[in-house]
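Participant: task: produce atomic coordinates for the following.
(one chain, ligands or ions: 2)
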Amino acid sequence: MITKREVIEQAKKLGFDDIGFTTADSFEAQQKVLSERHENYSWLNEKGMDLMQGTDPKNSFPEARSIIVLVNNFFHHSFPASLVGKFGRCYLDDDRVTRGDLYRRTKAFCKFLLENGIETKIPSNLPHRLAAARAGLGTYGKNCLLYSNKVARLSSWIIVMGVVVNHEFEPDQPTSVEDCPKWCKSTCIVACPTNALTRNRTIDPRKCISFLSYYGEGITPLELREPMGMWVYGCDRCQNVCPRNEAWLAQDLPADKAIEERAKDFELTKLLHMDVEYFKKRIWPHMFYISADELWRWKMNVARVMGNSHDSMYIHDLVRAFSENDDVRVKGMTAWAIGQIGGSKSVEALNKILKNSVGMPREEVLLALRTIGPLPTRHATLNRKNMIMRKAYSLRVLS
Ligand code: SF4
Ligand code: SF4
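Facilitator: Residues are numbered from 1 along each chain as shown. Ligands and ions are numbered 1, 2, ... in the order given. Just a heads-up that it's a prediction; the model follows:
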């Protein structure tokens with residue numbers, strides 16, 4: 001039978017950054033977490049992902065004897081500046097649907113095992129990060145992510161994948177601990193804009209921007225629109241602020257040419273006005289959690305980002321989006337976005353769209369107008385200028 005060393009060599013030959021081995025025992029601590037915080041994760045069951053079932057590898061593969069965990073660094077190249085801060089990095093290089101490089105390498109790895117008499121299964125609901133820590137590949141951050149023990153400069157820019165096998169390999173020493181420096185003072189928790197990170201290694205996924213951007217129900221609640229900031233799809237904030245990721249982020253990485261070529265397709269104005277044909281041709285299957293019949297999500301997110309940019313150059317496009325879309329969620333968010341930009345041009349635009357609005361979008365237009373409030377008159381502006389000048393003069397006299 002094939003040895004552990006031979007399996008390791010094959011994984012390295014196929015370009016995986018790291019590999020570890022653990023038992024096929026169930027993840028009991030995770031079962032407790034899932035029972036205690038059922039309401040945080042029940043939405044995944046509705047999407048057909050039974051996390052509790054995944055905590056025991058034998059539920060999906062009764063012959064399971066070990067788990068081989070593969071590590072892949074997905075951030076070998078730099079991403080275009082126009083996309084960073086708007087799209088989560090892991091989604092920009094996600095080839096699960098296109099069945100690209102990572103898919104092919106994983107398939108080749110499983111084929112190699114099968115040729116050597118070992119059957120494999122990769123259950124999507126397996127707690128892959130927990131398996132990786134148990135296989136000695138990384139430690140946890142307070143932001144619930146896994147940080148590599150050896151590769152990617154010990155950062156969290158990794159994807160881990162547990163391959164359940166029907167052959168027993170000697171398990172590696174687990175490193176299932178949190179390993180954040182004390183001086184960091186929970187920067188990720190403080191920096192999380194929507195308070196999704198509630199305490200150490202505890203997240204409410206329903207509040208996470210990643211979830212909200214592709215699975216959130218209805219129009220984004222008012223109180224979350226501003227905190228969600230400039231993220232269109234996904235969020236990297238708790239990784240960007242993390243000192244454990246600093247060494248990797250500080251590098252000058254070569255540009256990802258493929259993503260660079262696609263960057264222009266993801267311009268905000270193009271996304272705001274896109275139709276199904278554009279989506280299928282230019283966007284799909286990248287960031288595939290939003291399908292062609294849910295374009296309203298893309299448009300609503302983009303409108304919110306435009307509003308949070310406070311850039312008046314987007315007002316024209318937002319007005320256009322308000323009239324060209326029937327979806328009330330898109331209409332409502334474009335109205336909010338115009339109000340968020342503020343100023344006299346926004347008031348003019350909102351009054352224009354108010355005439356043709358009914359129902360919820362109309363409420364949003366009125367709310368936006370109330371939020372901007374009365375604009376200063378020319379008289380008031382001059383008085384204010386005079387006051388500032390008088391104050392500056394008296395300060396000069398006194399000094
Ligand atoms: S990805 Fe963003 S929203 Fe989600 S936990 Fe991290 S900082 Fe918070
Ligand atoms: S930001 Fe600080 S507390 Fe959060 S994961 Fe990184 S090192 Fe840990």
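Participant: all contacts plus neighbour counts: C-alpha atoms, from now on.
Facilitator: Noted.
Participant: excluding chain neighbours, what is closest to residue 34?
Facilitator: Once flanking residues are discounted, residue 34 sits nearest to residue 52: 6.8 Å by CA to CA, 6 or more residues apart in numbering.
Participant: the one you found: neighbour count?
Facilitator: Residue 52: 21 surrounding residues under other CA atoms under 10 Å.
Participant: which strands and helices sit next to the strand or helix carrying it?
Facilitator: Counting by DSSP states H and E, the element that carries residue 52 is helix 51-54. Helix 51-54 makes packing contacts with helix 28-36 when contacts are defined by 3 or more CA pairs under 8 Å, 6 or more residues apart in numbering; DSSP states H and E.
Participant: now the helix it packs on: mean pLDDT?
Facilitator: Helix 28-36 shows a mean pLDDT of 95.
Participant: what does the helix or strand harbouring residue 277 contact?
Facilitator: Counting by DSSP H and E, the secondary-structure element that holds residue 277 is helix 276-278. Residues outside helix 276-278 that contact it (CA atoms under 8 Å, 6 or more residues apart in numbering) are 292-293, 295.
Participant: and the residues you listed, which of them are buried?
Facilitator: 292, 295 (16 or more other CA atoms under 10 Å).
Participant: now distance to ligand 1 and pLDDT too, for the contacts of helix 276-278, in TSV please.
Facilitator: TSV is the format used below for the contacts of helix 276-278 (distance: CA to the nearest ligand atom, whole Å; pLDDT from 0 to 100):
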residue	distance to ligand 1	pLDDT
292	24	94
293	25	95
295	22	97
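Participant: cross the contacts of helix 276-278 against helices and list the overlap.
Facilitator: Filtering those for membership in helices, criterion DSSP state H, returns residue 295.
Participant: let me know the closest of the contacts of helix 276-278 to residue 322.
Facilitator: Proximity to residue 322 was ranked across the contacts of helix 276-278 by CA to CA; first place goes to residue 295, at 14.4 Å.
Participant: and for residue 301, the neighbour number?
Facilitator: Residue 301: 29 neighbours (other CA under 10 Å).
Participant: from residue 241, how far out is the nearest residue to it once chain neighbours are set aside?
Facilitator: Spatial nearest neighbour of residue 301, chain neighbours left out: residue 232 (5.3 Å); criterion: CA to CA, 6+ apart. In this structure, residue 232 and residue 241 are 19 Å apart, going by CA to CA, to the nearest Å.
Participant: ok, these two, which is more surrounded?
Facilitator: Residue environment comparison for residue 232 versus residue 241 gives the larger neighbour count to residue 232, 28 against 15, counting by other CA under 10 Å.
Participant: can you tell me which residues contact that one?
Facilitator: Applying CA under 8 Å, 6+ apart, one finds that residue 232 lies in contact with 86-87, 213, 298, 301-302, 305.
Participant: now do residue 280
Facilitator: Taking CA under 8 Å, 6+ apart, we find residue 280 in contact with residue 292.
Participant: now do residue 30
Facilitator: Counting by CA under 8 Å, 6+ apart, residue 30 touches residue 55.
Participant: number of nearby residues for residue 38?
Facilitator: Using other CA under 10 Å as the criterion, residue 38 is surrounded by 12 other residues.
Participant: what pLDDT is listed against residue 289?
Facilitator: Predicted confidence (pLDDT) for residue 289: 89.
Participant: how about residue 110?
Facilitator: What the model reports for residue 110 is a pLDDT of 98.
Participant: that one sits in which helix or strand?
Facilitator: With DSSP H and E as the criterion, the answer for residue 110 is helix 101-115.
Participant: just give me how far that helix sits from the chain centre.
Facilitator: Chain-centre distance of helix 101-115: 27 Å, with CA atoms, centre = their mean, to the nearest Å.
Participant: kind regards, and thank you for your time.
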